[in-house]
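1. how would this look folded up:
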Amino acid sequence: MQYYFGMSYLKKFRVVFFKPRVVGFILLGVGFMLFTFLTQDNAMEIAISGIASIFIGIGVNNFTSIETRLKDEKRIHDKVKNSLLILELTSSKINKLHNMVAGENAYYLYKEVSEIKKYVDLSAKLVKEVELLD
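-> Numbers count the residues shown, from 1 in each chain. Purely as a prediction, here's the structure:
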């Protein structure tokens, strides 16, 4: 069984399928399809099945759009997580340089590294805020 987003594919399918936007249109289409059993006219059956296929198509389209949105959110979450990790590693390296330079008499370099560290810390803070919005 394929796993994505932390749960099995069948479980994710079930969760997305039973959203009102999906199951409502599909059931409406199936309901229209059942009207074909009540008619004797072939043209009427074709017209009814065409209407039913429109509703089923809308339900399937809603299903795929929800699934695509969830996949996109997962990709963005992973990218933010990786960016945050890189920013934290960069901040750690800059902090190490900052401490090494502080011991020596290189005030200009100390000042620049200190400024860079502030920028990286600010970037990490902004990325964390974006992650909290999810």
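2. CA only for contacts and neighbour counts going forward, please
-> OK.
3. measure stretch 10-24 end to end?
-> In terms of C-alpha to C-alpha, to the nearest Å, the two terminal residues of stretch 10-24 are separated by 20 Å.
4. buried stuff in that stretch?
-> In terms of neighbour count (16 or more other C-alpha atoms under 10 Å), stretch 10-24 has its buried residues at Val16, Phe17, Arg21, Val22, Val23, Gly24.
5. Quick check, the last one in contact with Gly59.
-> So that's Gly24. Yes: between Gly24 and Gly59 a contact is recorded at 7.3 Å, counting by C-alpha atoms under 8 Å.
6. count of neighbours near Gly59?
-> By other C-alpha atoms under 10 Å, 24 other residues sit near Gly59.
7. roughly how far apart are it and Ile46?
-> Gly59 is 20 Å from Ile46, by C-alpha to C-alpha.
8. Ok, Tyr9 next?
-> Applying C-alpha to C-alpha, the value for Tyr9 to Ile46 is 35 Å.
9. Go ahead and confirm Val113 touches Ile94.
-> Yes: contact status for Val113 versus Ile94: in contact at 6.7 Å, counting by C-alpha under 8 Å.
10. Let me know the average pLDDT across the helix or strand harbouring Val60.
-> Element membership for Val60 (DSSP states H and E) is helix 42-103. Per-residue pLDDT values across helix 42-103 average out to 85.
11. returning to what we had before: which of the buried residues of stretch 10-24 lies closest to Phe55?
-> Gly24 (9.0 Å; C-alpha to C-alpha).
12. In contact with the residue nearest the centre of the chain, which residues?
-> The centre of the chain sits closest to Glu73, judged by C-alpha atoms, centre = their mean, with a distance of 1.2 Å. For Glu73, no contacting residues are found, by C-alpha atoms under 8 Å, 6 or more residues apart in numbering.
13. Perfect, that will be all.
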